[in-house]
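J.: model this:
(one chain, ligands or ions: 1)
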Amino acid sequence: MPSVPHTFDTVPQVWPHRHLLDLERLTPGEIRLLLDAAAQLKEATAGCRRKLTILSGRTIVNLFFENSTRTRTSFSLAARRLGADVVEFSASGSSLSKGESFIDTAKNLEAMGIDVVVVRHSTPGTPHLLAQHLDVGVINAGDGAHEHPTQGLLDIFSIRERLGDISGATVGLVGDIAHSRTARSNVWGLLKLGAKVIVCGPPTLVSKRWEELGVEVSHNLDEIVPRCDVLNLLRIQFERQNTRPFPSVREYAHLYAMTGERLKRARKDLLSRAPGPINRGVEVSDDVADCPQSLILDQVTNGLAVRMATLWLTCGNRLPETDQTGPAQPGLPAEKTL
Ligand code: NCD
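T.: You can find the predicted model right below:
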């Protein structure tokens, strides 16, 4: 795979995608290309601070139907760092409340001459549906419990920056695996780059069926901590749960929170990270969240780099045919398939 041109004037022909909908269908080479582009853009913008003009004249719309702090701000800033214009769409103040359909709303935005839609929605497959109806690029910023590809990429980017290589690293994903789109995107991306992945949490949140994807399933955090190079501490997604998966948050934290005590039994150079928002005292204690091995804030900076790369690859490529418009598992919310 050829490397990214330093001028960023042309998107490499080997990047065949118009959209970024999930990591499930990217090849290892495409993931590496995107990570390399992110590294070069981070450098070219002096750590994501300086502005470039490589997307000047382009317009990005943020279409968020779920709450967001990091992802929305990060896409906006990434677009601005590359010279693009950004429109922030707010569902509550729009004509959706007057009965306009989701697709009609998106088509009206498209008619205003936009280049890319960044969409977050609670229904899995929404970005895939949009990609079938729009002629502009679509980026998935989180679809229900299905995928969150740029979060998976920035997590992997942050590990690669510290370890140099993903291949052979053992990465533990701990917490609410069943409802986490971050977990799914991490699993696809990490496996494709040759990492060993362990998913860990209570049996009600981590089904044995994850083994079918090629990951190890564990219900015992104390047993896996000493074996991991990296731990990704995932939030309990209370907003996506229909029933209580454990008797109390206190009991959950006792068994699955990463604490200073558990850190003592980890490898000296264990990297801990979390996509945020973090719930201190539930999945992670203060001393772990704020320790030197914590990548939590590095990840936020790296989110800008990965989103700059995603926007550049998506805006710069105007292939006429759509290449990946169907949901990976059509019609089925991801939590029902695992
Ligand atoms: C994640 C998300 O929204 O899925 N957060 C994020 O994008 N920064 C994870 C989470 O909400 O726990």
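J.: Could you report the pLDDT at residue 317?
T.: At residue 317, the model reports a pLDDT of 44.
J.: swap that for residue 191, sorry
T.: pLDDT, residue 191: 98.
J.: right, and it touches residue 210 too?
T.: No - between residue 191 and residue 210 there is no contact under C-beta atoms under 8 Å: 11.3 Å. C-beta here means a position set from N, CA and C on the backbone, and glycine is covered the same way.
J.: Looking at the two, which is more packed in?
T.: Between residue 191 and residue 210, residue 210 has the larger neighbour count (other C-beta atoms under 10 Å), namely 21 against 18.
J.: so residue 146 touches residue 125, yeah?
T.: Yes - with contacts counted by C-beta under 8 Å, residue 146 reaches residue 125, the gap being 6.8 Å.
J.: Give me the more crowded residue out of these two.
T.: residue 146 (28 against 24).
J.: Excluding chain neighbours, what is closest to that one?
T.: residue 124 (3.7 Å; C-beta to C-beta, 6 or more residues apart in numbering).
J.: Equivalent analysis for residue 168, please.
T.: residue 194 (6.5 Å).
J.: Quick check: which element contains the closest residue to the ligand within the chain?
T.: Distance from the ligand to each residue of the chain (C-beta to the nearest ligand atom) is smallest for residue 235, at 3.6 Å. Residue 235 belongs to no helix or strand when assigned by DSSP states H and E.
J.: Pull the contacting residues for it.
T.: 175, 176, 180, 274, 275, 277, 278, 279, 282, 283 (C-beta atoms under 8 Å, 6 or more residues apart in numbering).
J.: Identify the residues contacting the fourth one.
T.: If a contact means C-beta under 8 Å, 6+ apart, then residue 274 has 232, 233, 234, 235, 283, 284, 289, 296, 299 as its contacts.
J.: In JSON lines: those, plus pLDDT.
T.: Formatted as JSON lines, those follow (pLDDT from 0 to 100):
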{"residue": "232", "pLDDT": "95"}
{"residue": "233", "pLDDT": "95"}
{"residue": "234", "pLDDT": "95"}
{"residue": "235", "pLDDT": "91"}
{"residue": "283", "pLDDT": "91"}
{"residue": "284", "pLDDT": "92"}
{"residue": "289", "pLDDT": "91"}
{"residue": "296", "pLDDT": "87"}
{"residue": "299", "pLDDT": "87"}
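J.: With respect to residue 153, which of those is nearest?
T.: Of all the contacts of residue 274, residue 153 sits closest to residue 299, with 10.8 Å by C-beta to C-beta.
J.: Can you name the residues that contact that closest one?
T.: Per C-beta under 8 Å, 6+ apart, neighbours of residue 299: 154, 155, 158, 273, 274, 275, 276.
J.: who wins for most neighbours among those residues?
T.: When neighbours are counted by other C-beta under 10 Å, residue 154 leads these with 32 neighbours.
J.: Residue numbers of the stretch 201-338 of the chain in contact with the ligand?
T.: For the stretch 201-338 of the chain, the contact set with the ligand under C-beta under 6 Å from any ligand atom comprises 235, 275, 276.
J.: which SSE is the nearest residue to the second one once chain neighbours are set aside in?
T.: When the adjacent residues along the chain are set aside, residue 275 lies closest to residue 182, with 4.8 Å between them (C-beta to C-beta, 6+ apart). For residue 182, the element it lies in under DSSP H and E is helix 181-192.
J.: burial of the residue nearest to residue 146, as a residue count?
T.: Other residues close to residue 124 by other C-beta under 10 Å number 25.
J.: Likewise for residue 72?
T.: There are 17 residues near residue 72, going by other C-beta under 10 Å.
J.: and the host helix or strand of it with the ligand, contact?
T.: Using DSSP H and E, residue 72 sits in helix 70-81. Yes - Helix 70-81 is in contact with the ligand by C-beta under 6 Å from any ligand atom, via 70, 71.
J.: packing partners for that helix?
T.: Where contact means 3 or more C-beta pairs under 8 Å, 6 or more residues apart in numbering; DSSP states H and E, helix 70-81 is packed against strand 59-64, strand 85-90, strand 116-121, strand 137-143, helix 149-163, helix 296-316.
J.: ok, and which of these has the densest surroundings?
T.: strand 137-143 (a mean of 28; mean count of other C-beta atoms under 10 Å).
J.: Specify the angle between that strand and helix 296-316 in degrees.
T.: For strand 137-143 against helix 296-316, the angle by axes from the mean of the first three to the mean of the last three C-alpha atoms, to 10 degrees is 150 degrees.
J.: May I have strand 137-143 exported as CSV, CA atoms only?
T.: Provided in CSV are the C-alpha atoms of strand 137-143 (Å, rounded to 0.1, in the frame of the first residue of the first chain):
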residue,chain,number,x,y,z
GLY,A,137,-20.0,10.8,1.6
VAL,A,138,-21.5,9.4,4.9
ILE,A,139,-19.4,8.9,8.0
ASN,A,140,-20.7,6.9,10.9
ALA,A,141,-20.2,8.7,14.2
GLY,A,142,-22.0,5.9,16.1
ASP,A,143,-25.1,3.9,15.2
